[in-house]
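Enquirer: Model the structure of this input:
(chains A and B)
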Amino acid sequence: MDRKVIFKGRALPMLLLLPQLAVTLVFFIWPAAMAVWQSLLQEDAFGLSSTFVGLENFADVLADPAWRGAAANTAVFASSVAVLALGVALFLAVQADKAIRGQRFYRTMLIWPYAVAPAISAVLWLFLFHPSIGLIGRALNAAGVLWDYQLNGSQAMLLVVIASAWKQVSYNFIFFLAGLQSIPKSVLEAAAIDGARPLRRFWTVVFPLLSPTTFFLLVVNLVYAFFDTFGVIHALTKGGPGKATETLIYKVYVDGVDNLNLGSSAAQSVLLMVFVIALTVVQFRFVERRVHY
Amino acid sequence: MDAGQTLARGAEARQRWARWLAHAALALGVLVFALPIWITLVGSTHDAATIGRGDVPLLPGGHALENYATAWNSGGGTLRGNPAGGMLLNSAIMALLIAGGKIAISLLSAYAVVFFRFPLRMAAFWTIFITLMLPVEVRIIPTYQVIVNLDLFNSFTGLTLPLIASATATLLFRQFFLTIPDEYVEAAQIDGAGPMRFFRDILLPLSVTNIAALGVILFIYGWNQYLWPLLVINDRSMQTIVVGLAKMIGNGDSQNEWNTIMATAVLAMTPPVLVVVLMQRWFIKGLTETEK
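Expert: Numbers count the residues shown, from 1 in each chain, chains lettered A, B, ... in the order given. The predicted structure is shown next:
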């Protein structure tokens, strides 16, 4: 789609594009190309020279039990965050759609966690789940559950999932509520006249109509859980205890920044890059379709 | 009373019941959402000993002023000597530079792509578009190396410049510019206004709503940055508040000065939360139109 009436000139538009293109080339394209290049090199033990090793880094990474462990953690973490954040948000949005009064109030009270940084969300939930100073942490211990997220890997995972999902519910809630409000009332009335019970009406009429929104949100939530939750894990567990909460992105950071294993870190980055590109392509193909719909 | 009326009355009662249930569920949701904030707010008004003992207070105490003064002036935990006042200022500078930078360069590039024809126009557009697929997290080390080579380590330029390329903002403005009626451009051309005059006097004023909506989203995006500031800033005086707060927690030791940390947490989230709540209309518009 193009405009018919335009301005003349070639130098001016190129000048206007220059800032954006310069930043993109220097800080995006070049580093991404360097990541691909570094993933094909191996440095010697002293970091003095590097040799071209082809796909060896990728073979090493894929065979590494630590990487596989991180991949498994990421799968558990990302799917739990997505399911929890989408489920709670959908439930609350349906209730808010039903409640005719006070919708604005509920919306305000439910959307503000969007503004809280992931790392701060981690800190807030720590104040609740800390084994010795947290309200819930102490209650659990008093009730006989041995609760210490610093010692127990599953508890640590549970805590980072809650802290990450809490924040994302707000985002999902806004989109679900908008989606619900765009469903024509006549469709719902028709289903009601046909005698469908509310719950049945939801699963057979409302939910299918919401599926484009749900699918879009699923992609956004997965990207969020993969990349934006670095702050939650870094602030709360540092990947521990052991490696129980080490996700793929956290491992890229640890291997590159702390262990200075550039070849392996770069290969891991490239694998994640392929994943983001795939997700973005899926999302855009779908968004295009939704525009026509 | 005939059967129809009974049926209608039954449906009405069911609806009232459903609405009541909806309010109950929402109230519960609001409470669960607010619980961590309430605990933090209350904790920030007690002394360190009360929290350290584990007597989790549920109602505010009387130490608010001194806790906030300590947090603001000297900081807490392992980061004593890192006052929240300075960190808040650093965060504000970072967030405003990122939001302003993204909006400025995206307005210019969207204008160039939509209102002109020139060689490699689509190539430029796709180059910008590709940045969507390259979040900073997947190119951490090489981007960091670029910053070091350009001598931008520990500087606001290094902190913000790599983050201001924006495919999302460019796409949004492009979408909006495509809807501007041709008559506006023709009128400007007949009046002899040049392209930059048209941009400044006509296009910018028309874009105010979009700029505001996007500005809210991007301010929060900038304020909440974590990984990038963690890497490129190690000068304490340039620490941002989100990273600073996480560092105060350390290993989650129960001997931490939790009251000061809680006060710092409240200070760290107040600006972005206020922006979302007070500018709710722009926020929702920005969120649903950029979809990212």
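
Enquirer: rest of the way, CA atoms for contacts and neighbours
Expert: Fine.

Enquirer: which regions of chain A lie under the pLDDT threshold?
Expert: Across chain A, the ranges flagged by pLDDT under 70 are A:1, A:44-48, A:286-293.

Enquirer: is the longest helix seen in it anywhere near chain B?
Expert: Longest helix in chain A by number of residues, with DSSP state H as the criterion: helix A:65-98. Yes. For helix A:65-98 and chain B, the contact criterion (Cα under 8 Å from any Cα of the partner chain) is met by A:92, A:95, A:96, A:98.

Enquirer: Just give the number of residues close to the residue lying closest to the third one once chain neighbours are set aside.
Expert: This means residue A:96. Closest residue to residue A:96 apart from its sequence neighbours, by Cα to Cα, 6 or more residues apart in numbering or on different chains: residue A:103 at 6.0 Å. Neighbours of residue A:103 under the rule other Cα atoms under 10 Å in any protein chain shown: 17.

Enquirer: Quick check, residue A:103 in contact with residue A:95.
Expert: No. Residue A:103 is beyond contact range of residue A:95, at 9.6 Å (criterion: Cα atoms under 8 Å).

Enquirer: those helices in the stretch 151-293 of chain A, which residues are they?
Expert: Secondary structure of the stretch 151-293 of chain A by DSSP state H, counting those that start in this stretch: the helices cover A:153-181, A:185-193, A:198-201, A:207-223, A:230-236, A:248-253, A:262-292.

Enquirer: if we can go back for a sec, quick check: the residue nearest to residue A:96 vs residue B:23, distance?
Expert: From residue A:103 across to residue B:23, the span is 10 Å (Cα to Cα, to the nearest Å).

Enquirer: Common neighbours of the two, please.
Expert: Shared contacts of residue A:103 and residue B:23, defined by Cα atoms under 8 Å, 6 or more residues apart in numbering or on different chains, are found at residue A:96.

Enquirer: Quick check: chain neighbours aside, which residue is closest to residue 272?
Expert: In the absence of a named chain, chain A is used. Spatial nearest neighbour of residue A:272, chain neighbours left out: residue B:138 (6.3 Å); criterion: Cα to Cα, 6+ apart.

Enquirer: my bad, the chain I had in mind was chain B
Expert: Per Cα to Cα, 6+ apart, closest to residue B:272 is residue A:115, 5.3 Å.

Enquirer: Can you identify each of the helices in the stretch 51-200 of chain B by residue range?
Expert: Using DSSP H, counting those that start in this stretch, helices in the stretch 51-200 of chain B cover B:64-73, B:84-115, B:121-130, B:140-149, B:156-160, B:167-177, B:182-190, B:195-198.

Enquirer: Tell me how far the third one lies from the chain's centre.
Expert: This means helix B:121-130. Offset of helix B:121-130 from its chain centre (Cα atoms, centre = their mean, to the nearest Å): 26 Å.

Enquirer: do the shortest one as well
Expert: Here helix B:195-198 is found 32 Å from its chain centre; the criterion is Cα atoms, centre = their mean.

Enquirer: Same check on the first one?
Expert: On the basis of Cα atoms, centre = their mean, helix B:64-73 sits 25 Å off its chain's mean C-alpha point.

Enquirer: That one near chain A anywhere?
Expert: No. Judged by Cα under 8 Å from any Cα, helix B:64-73 stays clear of chain A, getting no closer than 15.8 Å.

Enquirer: relative to helix B:84-115, how tilted is that helix?
Expert: Orientation check (axes from the mean of the first three to the mean of the last three Cα atoms, to 10 degrees): helix B:64-73 against helix B:84-115 gives 60 degrees.

Enquirer: and helix B:64-73, what's its mean pLDDT?
Expert: Helix B:64-73 carries an average pLDDT of 80.

Enquirer: Which residues does the host helix or strand of residue A:122 contact?
Expert: Assignment of secondary structure by DSSP states H and E places residue A:122 within helix A:118-129. Helix A:118-129 is contacted by residues A:133-138, A:159-160, A:163-164, A:166-167, A:228-236, B:36-37, B:39-40, B:224, B:226, B:242-243, B:245-246, B:249, B:265, B:268-269 when judged by Cα under 8 Å, 6+ apart.

Enquirer: now with 7 Å?
Expert: Residues outside helix A:118-129 that contact it (Cα atoms under 7 Å, 6 or more residues apart in numbering or on different chains) are A:134-137, A:163-164, A:229, A:231-232, A:235-236, B:36-37, B:40, B:242, B:246, B:265.

Enquirer: Same question for stretch B:220-240.
Expert: A:115, A:117, A:231, B:82, B:87-88, B:90-92, B:94-95, B:98-99, B:153-154, B:159, B:242-243, B:272.
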